[in-house]
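S.K.: Kindly generate the corresponding structure for this input.
(chains A, B, C and D)
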There are 2 protein chains.
Amino acid sequence: MVQLRKKIVDQRMKRFEEVCRESGVKLTYQRMEVFREVAGTEDHPDAETVFHGVRKRIPTISLDTVYRTLWTLNDLGLIKTLGASRERSRFDANLDQHHHFVCTQCGHTYDFISETLNNLHLPDSVDELGKIESTLVEVRGVCHKCAKKAGTKKSNITK
Amino acid sequence: MVQLRKKIVDQRMKRFEEVCRESGVKLTYQRMEVFREVAGTEDHPDAETVFHGVRKRIPTISLDTVYRTLWTLNDLGLIKTLGASRERSRFDANLDQHHHFVCTQCGHTYDFISETLNNLHLPDSVDELGKIESTLVEVRGVCHKCAKKAGTKKSNITK
DNA sequence: TTCCTATTCAAGAATTATTCTTATTCGGGG
DNA sequence: CCCCGAATAAGAATAATTCTTGAATAGGAA
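M.R.: Residues are numbered from 1 along each chain as shown, chains lettered A, B, ... in the order given. A predicted model of the protein is given here:
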């Protein structure tokens, strides 16, 4: 099991180095260790947690570097954020079951409804995690509004 | 259309008053207008946006009251938050398609996999919203760990 | 290998979102 | 109408994240 885990991390590290080289992003010690930290856990850590983990190996690393690096890795497609990234809390008074289309560019969430998606059959493994209260499908993509004004976007690491 | 919208808001306001009365939460002007603001939009506004909207009608309302009220409404089950609430950014290096079980108590996100859920058929209406990049199923509920130490939880408005 | 330069980094200040503290006000039961 | 616990406004405090600046470094060129 540990062996398997190590193999996965090694694969991810390899891909990390490839992607960095391809996109001209420098391979620094800090970057490598921040990625290794996220790649080595299933826990979806936040920046602070990553910071603490990496600090064991690089005691001088700053929290700011961790943040910067995480967003860089995100822009490179090497990691993902859970839920909408860099967002403040948003609220919804529509309690009828519905689903979400989240624009990865502007962050706007559009509702849509689907009788089929309301009645998904979930695998048994989910019941082993806890008591299910609700289910929703989250689709991510680029909304038409953003697609139109494309090109003018930031995070164009893919120069 | 506007007429329909008004009807929905009225229904929601009615339910709001009922739920408040039942749970012994006082019916204040501020609470009413904060709820009306969220109930009257499809936009999933954040606290600041609600604040600005309500301020037109109650110029003296404070941002703190808006925050407090929104979480109260959330605890009462009158509104919901988008994504995991009150959360900082979390990261994930697992790029293989997988799905999420989010615990509404502790906020922890557990991964699970399902070949069936990987290949959902989305309604055509989604294509009209934008270009789809990825799809994931988010299940919300209470994880076993939290269920065990139940009772000792905050936000027990349902005394 | 050594040098050069754009990139990256650390540290701490600054910003932004959210919550807490305290004195005051108010809803609604008696 | 009066009272009291709950709710509010205002501003201070805290927490999360980003910005600024000067120093350090990766990695290509000589």
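S.K.: and the longest helix anywhere in chain A, what other elements does it pack with?
M.R.: When chain A is parsed with DSSP state H, its longest helix is helix A:2-23. Applying 3 or more C-beta pairs under 8 Å, 6 or more residues apart in numbering or on different chains; DSSP states H and E, we find helix A:2-23 packed against helix A:29-39. All C-beta spots, glycine's among them, are computed from the backbone N, C-alpha and C.
S.K.: who touches the helix it packs on?
M.R.: Residues outside helix A:29-39 that contact it (C-beta atoms under 8 Å, 6 or more residues apart in numbering or on different chains) are A:8-9, A:12-13, A:16, A:20, A:25, A:45, A:50, A:53-54, A:57-58, A:61, A:65-66, A:69-70, A:72-73, A:78-79, B:91-93.
S.K.: about what we covered before: can you check what angle separates the longest helix of chain A from helix A:29-39?
M.R.: Per axes from the mean of the first three to the mean of the last three C-alpha atoms, to 10 degrees, the angle that helix A:2-23 makes with helix A:29-39 is 140 degrees.
S.K.: what mean pLDDT would you report for helix A:2-23?
M.R.: Taken as a whole, helix A:2-23 carries a mean pLDDT of 92.
S.K.: A:L76 contacts A:S23, doesn't it?
M.R.: Yes: with contacts counted by C-beta atoms under 8 Å, A:L76 reaches A:S23, the gap being 6.1 Å.
S.K.: who has more neighbours, those two?
M.R.: Shown here are A:L76 and A:S23; by other C-beta atoms under 10 Å in any protein chain shown, A:L76 has more neighbours (18 against 14).
S.K.: residues contacting that one?
M.R.: By C-beta under 8 Å, 6+ apart, the contact set of A:L76 is A:V19, A:C20, A:S23, A:V25, A:I157.
S.K.: ok, A:R15 to A:L70 distance?
M.R.: For A:R15, the distance to A:L70 equals 17 Å [C-beta to C-beta, to the nearest Å].
S.K.: Backbone dihedrals for A:Y110, both of them.
M.R.: Dihedral pair for A:Y110: phi -100, psi 140, per degrees, to the nearest 10.
S.K.: residues contacting the closest residue to it other than its chain neighbours?
M.R.: Nearest residue to A:Y110 in three dimensions, chain neighbours excluded: A:F101, at 4.4 Å (C-beta to C-beta, 6 or more residues apart in numbering or on different chains). By C-beta under 8 Å, 6+ apart, the residues touching A:F101 are A:T109, A:Y110, A:D111, A:F112, A:V139, A:R140, A:G141, A:C143, B:V126, B:L129, B:G130.
S.K.: now the contacts of A:L76 in TSV, with distance to DNA strand C?
M.R.: Shown next, in TSV, are the contacts of A:L76 (distance: C-beta to the nearest atom of the strand, whole Å):
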residue	distance to DNA strand C
A:V19	12
A:C20	8
A:S23	9
A:V25	4
A:I157	9
